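**Q** Here is my input, please return the structure:
(one chain, ligands or ions: 2)
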Amino acid sequence: MAAVSFRQVHKAFGDTVTIPSLDLDIADGEFVSLLGPSGCGKTTTLRMLAGLEQPTRGTIEIGGREVQTLPPAQRDIAMVFQSYALYPHLSVAENIVYPLRKRGVPKQQWPALLQQVVQLLQLEPLLARKPKQLSGGQQQRVALGRALIRNPKVFLLDEPLSNLDAKLRAHMRAELIELHQRIGTTTVYVTHDQLEAMTMSTRIAVMNGGVLQQFAAPDEIYYRPANLFVAGFIGTPAMSLADATLIRADDGFVVSAGGLSLRLPAAALSLHAPREVVLGLRPEDVVLGAGPWHARVKVVEPTGHESIVLLDCGGVALVARVASDLPLAAELRAGDDVPFDVSLSRAHVFARDSGARLNRDEANVTALRRTRDAA
Ligand SMILES: Nc1ncnc2c1ncn2[C@@H]1O[C@H](COP(=O)(O)OP(=O)(O)OP(=O)(O)O)[C@@H](O)[C@H]1O
Ligand SMILES: [Mg+2]
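**A** Ligands and ions are numbered 1, 2, ... in the order given. Below is the predicted model of the structure:
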């Protein structure tokens, strides 16, 4: 096992800069996801760690050793690709021990090593089969087995579950979490699926345009997004974001957007908060049925255990969740006028120009008074 560090890593392909400057410190034994939209540089980052791509500048360390000039074979890493890359003419067992052959591990050691991996991944009944006789999830386990048998210091996985159907993905997600809990190997996992990142990771590195936006635990990313990009990217349905004006009041701030006007205590926001802000509310923090504000229902989307409700509050688009077992869920119709409340301590405020978060999260935000809306 080993820690991993990127220090001022810059990567350009020709004239095109993909990663301007990346600093990232992954602790020994962590499960870190690189999460971000297509083209943000996740795979490039992983390939530089694996040695399949050279950084243009900067250093990469694995276990305290600089590796950026070493070939992949000398980095003590194992990578699992989206395509699994199994050898079709070899059996499952032969696929798994392949890295041992390649590395010159004496043949008499193979059965014991194979047995460990087979037990861990429950591959016993499949050992004699060829890859094409396996389901996607089984192929995935074989690819993992082939990586595991090398007992690497670091595991690198690039969207390993993206070829699987939703049910199998959920299953493999749980298996990967359990596997990591058992073996504790430092893991770097590339995904653009936020659910995967949220459920599996000790920390998530959110990237956009080659720039690290936030590197923090899943809860932190969800409840305290560092900027507008992270706020909008994480969460389904997405956080409602509305341009708002911020005015300093006697004992705090008033944030106004359309038919919404929220009074926040002085301790809630940075004292340097500008006038032009963006107000962010997560769907679960817009509570329909009672409260000082009103909105018009535009669309009701039943999803099973809850309905997602799209609202218009004096020109501001909001999204709310309503649990299906509430009478309100059955009553709501498009065009209805519905009162609602807001969890003020969970209102997010961002600077409109820089996108930076303005909430002072360390402050104990208790005062939850608000002004009645104008709408
Ligand atoms: N070999 C290459 N030559 C030129 N440009 C490249 C090369 N590899 C990647 N890029 C560019 O670098 C950027 C980042 O690509 P990368 O594959 O790292 O994105 P990603 O975050 O993994 O995206 P996805 O989610 O689509 O897999 C993209 O704009 C891509 O076109
Ligand atoms: Mg990729």
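
**Q** Compute the number of surrounding residues for the residue in the stretch 251-375 of the chain that ligand 1 sits nearest to.
**A** Residue of the stretch 251-375 of the chain nearest ligand 1, by C-beta to the nearest ligand atom: residue 355 (20.0 Å). To be clear about C-beta, it is placed using only N, CA and C from the backbone, and glycine gets the same treatment. Neighbourhood size, residue 355 [other C-beta atoms under 10 Å]: 16.

**Q** packing partners for the single longest strand found in the chain?
**A** Looking across the chain with DSSP state E, the single longest strand is strand 286-302. Strand 286-302 sits against strand 306-313, strand 316-323, helix 327-331, strand 337-342, with contacts defined as 3 or more C-beta pairs under 8 Å, 6 or more residues apart in numbering; DSSP states H and E.

**Q** confidence score at the residue in the stretch 151-300 of the chain positioned nearest to ligand 1?
**A** In the stretch 151-300 of the chain, the residue found nearest to ligand 1 is residue 192; the distance is 4.8 Å by C-beta to the nearest ligand atom. pLDDT for residue 192: 90.

**Q** just residue 370 next, same as before
**A** Note for residue 370: predicted pLDDT of 33.

**Q** mind checking how far residue 46 is from ligand 1?
**A** Residue 46 sits at a distance of 8 Å from ligand 1 (criterion: C-beta to the nearest ligand atom, to the nearest Å).

**Q** Low-confidence stretches in the protein?
**A** 362-375 (pLDDT under 70).

**Q** max-length helix in it?
**A** Secondary structure of the chain per DSSP state H: the longest helix is helix 166-183.

**Q** follow-up on the earlier one: okay, now the nearest residue to the residue of the stretch 251-375 of the chain closest to ligand 1 once chain neighbours are set aside: neighbour count?
**A** Closest residue in space to residue 355, ignoring its immediate chain neighbours: residue 228 at 3.8 Å, by C-beta to C-beta, 6 or more residues apart in numbering. Close neighbours of residue 228, defined as other C-beta under 10 Å, add up to 21.

**Q** returning to what we had before: pretty sure the residue of the stretch 151-300 of the chain closest to ligand 1 is touching residue 34, no?
**A** No. If you go by C-beta atoms under 8 Å, residue 192 and residue 34 don't touch, sitting 9.4 Å apart.

**Q** Can you pull the residues that touch both of the two?
**A** residue 42 (C-beta atoms under 8 Å, 6 or more residues apart in numbering).

**Q** what's near enough to touch the residue of the stretch 251-375 of the chain closest to ligand 1?
**A** 227-229, 278.

**Q** Just the buried ones from those?
**A** 227-229, 278 (16 or more other C-beta atoms under 10 Å).

**Q** picking that back up, residue 350: which of the helices and strands packed on strand 286-302 is closest?
**A** Between residue 350 and the helices and strands packed on strand 286-302, the tightest spacing by C-beta to C-beta is seen for strand 316-323, at 15.0 Å.

**Q** what angle do the closest one and strand 286-302 make?
**A** Here the directions of strand 316-323 and strand 286-302 differ by 80 degrees (axes from the mean of the first three to the mean of the last three C-alpha atoms, to 10 degrees).

**Q** Report the distance from strand 316-323 to the chain centre.
**A** The chain centroid and the centroid of strand 316-323 are separated by 23 Å under C-alpha atoms, centre = their mean, to the nearest Å.

**Q** Just give the strands next to that strand in its sheet, each with its orientation.
**A** Strands adjacent to strand 316-323 in the sheet, as given by DSSP bridges, are strand 306-313 (antiparallel).

**Q** Dump the partner strand to CSV, restricted to CA.
**A** Output of strand 306-313 as CSV, limited to C-alpha atoms (Å, rounded to 0.1, in the frame of the first residue of the first chain):
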residue,chain,number,x,y,z
GLU,A,306,-41.1,10.3,-4.0
SER,A,307,-42.2,12.9,-6.5
ILE,A,308,-39.9,15.5,-7.9
VAL,A,309,-41.8,18.8,-8.1
LEU,A,310,-40.7,21.6,-10.5
LEU,A,311,-41.8,25.0,-9.2
ASP,A,312,-41.8,28.6,-10.2
CYS,A,313,-41.4,31.1,-7.4
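
**Q** Show me what counts as buried in that strand.
**A** For strand 306-313, by 16+ other C-beta under 10 Å, it's 306-311, 313.

**Q** Please pull up the helix or strand immediately following the helix or strand containing residue 49.
**A** Counting by DSSP states H and E, the element that carries residue 49 is helix 42-50. Next helix or strand after helix 42-50 toward the C-terminus (DSSP H and E): strand 57-62.

**Q** of all the residues in the chain, which ones are close to ligand 1?
**A** Contact residues (C-beta under 6 Å from any ligand atom) of the chain with ligand 1: 13, 18, 36, 38-44, 192.

**Q** Show me which of those are buried.
**A** 18, 36, 40-44, 192.

**Q** so what's residue 332 up against?
**A** 288, 297, 300, 307, 309, 322, 338.

**Q** So which residue of the chain lies furthest out from the middle?
**A** Distance from the C-alpha centroid of the chain peaks at residue 108, with 42.3 Å (C-alpha atoms, centre = their mean).
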